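Chemist: coords please:
(one chain, ligands or ions: 3)
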Amino acid sequence: MNTAVLGLQWGDEGKGKAIDYLANRFNVVVRYQGGHNAGHTIFYQGQKVILHLLPSGVFTPDTISIIGHGVVVNPLQLVKEIKNLHDLGIADNNLFLSTAAPLILPVHQKLDIVFESSRYVKIGTTRRGIGPAYEDLCGRRALFIRDLLNKDIFLKQVKSLDDYYNKMMQYFNGEGVRLDSYIDEFIEAGKFLHKYTLNTTYLLDQLLSEGKSILFEGAQGALLDINLGTYPFVTSSNSTIGGIFTGTGISHKAVEKVIGISKAYTTRVGGGPFPSELFKKEAERLRQKGNEFGSTTGRPRRVGWLDLVALKYAIMVNGVDEIFITKLDVLDDFEEIKLVTHYEYKGVRNQIFDTSLDYLDNVETVEKTFAGWNTSIGEARSFQDLPGKAREYIQFIEDYIQITVKYISVGVERDQTIKK
Ligand code: GDP
Ligand code: IMO
Ligand code: MG
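Modeler: Ligands and ions are numbered 1, 2, ... in the order given. A predicted model of the protein is given here:
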């Protein structure tokens, strides 16, 4: 059954771990939005690997991996990741890259830094050039993987983009920019990537008609979605379900199931509202227990309790069928665990996640407190193996969101997963 696996929070829910666990039920795993701002952690033969652009099915034998045209690609980063696969002894003959994926160029990374430094309140981007690359796509100036495959075309396109940015700089009395210093390195990357490239929209259509099952791998999370997230503290793509259709060209009818991933608590990297956030000692404890440091940038993640109001919103906008809870083991030795069940805004209690900053910055959270289970659950392999208090915690979440919690992750390894 073709399935979307989507983050329901502010990213880093454990999508890499979950997808690596689920991948052997599918023939194909597809990335369709975001770029190397994503950092999906997988343990492969006991070794930690962080994938930024490659789909998380690459460690599952015979799985086809596709990077669709919705992904913004820094070709140098992709080459690096493929070479890392080679070093790990993993075959790359099942990897395909859309010729229509927009490029991230050095100018985008520079602009990401300039735009951030000019903001009064920082978004805290990953500084990978994601936003400016998508801006060029919407501005109808983007360069694509296909342009890399022919030096003459690439030079012409770069020159045109060069002119655009220089005109902008002159207009603003700046000094101008030089974009030509990277041509050779990019052309080399293009030669390396050539054999993986094709029209992935038709490839996916063919795979569907052959009856292959597809897993769509989301990057980021619902609350970072450009349209449905906590704007402007979001990423520049659609990390909710719609990104699949625009980012692959597949029919909406092809997605048969949606699995939503949520941590047993909440984290966020970068700025922006976070109603259930914890601070100081309490936060430090959860951060250390959960090893909550960014997979892409190494920044300490902000941490807080699981926010069921936010989770229900993410489930609503994605049409989620099943939930995959990760990192339940991180709560193992907390005496008390809390869940946010309501917000209070101007004295009125509600269950609404309105994404406006005025609202989210000013809501008070209403929490329900649970006694912790105070025992290690890393060895649990069935729901019955979990202590009663952990089961109660999961049961409460299920009752609240009215969706089955089908999977529970209790550790970083693939087999540390419970299927209910
Ligand atoms: P992603 O971006 O959603 O793929 O998540 P990241 O890989 O950025 O961050 C999730 C982190 O949690 C990684 O370090 C994972 O190895 C780790 N992780 C995933 N599931 C579990 C779990 O059930 N328990 C623990 N302790 N760690 C987990
Ligand atoms: P995965 O796929 C967590 C956050 C950044 C910043 C905001 C905008 O690993 O879950 P960007 O560089 O995208 O313009 O940054 O989005 N962000 C993520 N946070 N996980 C991610 O990806 C993220 N990708 C972007 O920290 O707040
Ligand atoms: Mg991540």
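Chemist: Around ligand 3, which positions in this structure sit nearby?
Modeler: Applying Cβ under 5 Å from the ion, we find that the chain lies next to ligand 3 at 12, 39, 295. The way it works is simple: take the backbone N, C-alpha and C, and place the C-beta from them, glycine included.
Chemist: Narrow those to those in strands?
Modeler: Assignment to strands by DSSP state E places none of the residues of the chain next to ligand 3 there.
Chemist: any idea how far Leu149 is from Phe396?
Modeler: Using Cβ to Cβ, to the nearest Å, Phe396 is found at 54 Å from Leu149.
Chemist: For ChimeraX, write the select line for the buried members of the residues of the chain next to ligand 3.
Modeler: The ChimeraX command for the buried members of the residues of the chain next to ligand 3 (criterion: 16 or more other Cβ atoms under 10 Å) is given here:
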select :12,39,295
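Chemist: in terms of contact count, name the helices or strands touching the longest helix belonging to the chain.
Modeler: Longest helix in the chain, counting residues (DSSP state H): helix 151-171. If contacts are counted by 3 or more Cβ pairs under 8 Å, 6 or more residues apart in numbering; DSSP states H and E, helix 151-171 sits against helix 145-148, helix 183-193.
Chemist: hmm, who's touching the longest one?
Modeler: By that I understand helix 183-193. By Cβ atoms under 8 Å, 6 or more residues apart in numbering, the residues outside helix 183-193 that reach it are 75-76, 78-79, 82, 97, 103, 105, 145, 148-149, 151, 154-155, 158.
Chemist: buried sites along stretch 196-216?
Modeler: Quick answer for stretch 196-216 (16+ other Cβ under 10 Å): 196-197, 200, 203-205, 207-208, 214-216.
Chemist: now check stretch 42-54, is it near ligand 1?
Modeler: No: Stretch 42-54 does not reach ligand 1 (Cβ under 6 Å from any ligand atom); its nearest approach is 6.6 Å.
Chemist: Show the average pLDDT along that stretch.
Modeler: In this model, stretch 42-54 has an average pLDDT of 95.
Chemist: how long is that stretch from one end to the other?
Modeler: Stretch 42-54 has an end-to-end distance of 12 Å (criterion: Cα to Cα, to the nearest Å).
Chemist: Give me the buried positions along that stretch.
Modeler: Across stretch 42-54, burial judged by 16+ other Cβ under 10 Å covers 42-43, 49, 51-54.
Chemist: Now stretch 402-414: buried residues?
Modeler: So for stretch 402-414, counting by 16+ other Cβ under 10 Å, buried means 403, 405, 407-412, 414.
Chemist: which one of the residues you listed is nearest ligand 3?
Modeler: Nearest to ligand 3 among those, counting by Cβ to the ion, is Val412 at 13.0 Å.
Chemist: any idea how far ligand 3 is from the closest residue to the closest one other than its chain neighbours?
Modeler: Closest residue to Val412 apart from its sequence neighbours, by Cβ to Cβ, 6 or more residues apart in numbering: Phe43 at 5.3 Å. Remark: distance between Phe43 and ligand 3 (Cβ to the ion, to the nearest Å) = 14 Å.
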